[in-house]
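**Q** heads up, no residue letters with this:
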């Protein structure tokens, strides 16, 4: 009987290429092929760190369901595979969830190679309560967006959202309508050269947006209901 291969879920840098781990680099150099969102982005990472690799396969939201079964057969026949995203930890607001579940259903061993994650990085930098939180990724662009915001407006835990530069203004406006009493930490370009963060209520951040640089990826951390940032030091 042919011994099944393994699937390695490998986290890659969210911006600063120096954040890739030694274990991640070793794994990417040893597997038979690598699944990635954009081969150009992944090739840039691999070449910049001089990581030898055998094969890159484009594997994104448009191709995942189509390619998963044929890739699964390769792993069943003994090949080892890594899955990476353009930035951060795979399957977190990125493709791969369906494929990983398919691997579990076929008893393919899954090995995690931990590393950078924008949501957790932002939470740890925010100073907001972190013992319990909710991650809601990218809100729906149209259908279901208002329903999600209504639900989040009564959420008692810290909330983490992702947003693109094209919709960050809209998101802050919506947060000002749905939860104006909350505090926000808005992170832009985490770990990159122009990393910055903004703190305030939705209204104060909204007022400052015309003077801000609206480029790159955003992580928005929202304080719990009733949270006060001005507690006294013990």
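**A** On my side now, so go ahead. These numbers were taken from a predicted model, which means no experiment stands behind them.
**Q** what residues go with each domain of the chain?
**A** Following automatic domain parsing, one gets these domains for the chain: 7-113, 118-222.
**Q** Tabulate those domains (TSV), appending distance to residue 230.
**A** No exception for glycine: its C-beta is placed from N, CA and C like everyone else's. As requested, the domains of the chain are exported to TSV (distance: least, C-beta to C-beta, whole Å):
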stretch	distance to residue 230
domain 7-113	31
domain 118-222	10
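**Q** Turn these into JSON lines, columns for mean pLDDT.
**A** As requested, these are arranged in JSON lines below (pLDDT from 0 to 100):
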{"stretch": "domain 7-113", "mean pLDDT": "95"}
{"stretch": "domain 118-222", "mean pLDDT": "95"}
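**Q** will you turn those into JSON lines that also has distance to residue 229 and mean neighbour count?
**A** Shown next, in JSON lines, are those (distance: least, C-beta to C-beta, whole Å; neighbours: other C-beta atoms under 10 Å):
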{"stretch": "domain 7-113", "distance to residue 229": "26", "mean neighbour count": "17"}
{"stretch": "domain 118-222", "distance to residue 229": "6", "mean neighbour count": "17"}
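**Q** Please identify which of those is closest to residue 228.
**A** domain 118-222 (8.8 Å; C-beta to C-beta).
**Q** For residue 79, give me the backbone phi and psi.
**A** Dihedral pair for residue 79: phi -80, psi 150, per degrees, to the nearest 10.
**Q** Please look at it and residue 30 and confirm they touch.
**A** No: in this structure residue 79 lies outside contact range of residue 30 using C-beta atoms under 8 Å: 11.6 Å.
**Q** Just list the residues touching the nearest residue to residue 21 once chain neighbours are set aside, thanks.
**A** The shortest distance from residue 21 to any non-neighbouring residue, by C-beta to C-beta, 6 or more residues apart in numbering, is to residue 115 (5.4 Å). Residues near residue 115 by C-beta atoms under 8 Å, 6 or more residues apart in numbering: 10-13, 19-21, 24, 88-89.
**Q** and of those residues, the nearest to residue 176?
**A** residue 88 (27.9 Å).
**Q** what are the phi and psi angles of the closest one?
**A** The phi/psi pair for residue 88 (degrees, to the nearest 10) reads phi 90, psi -150.
**Q** Run through the residues that contact it.
**A** 11-14, 94, 115-118.
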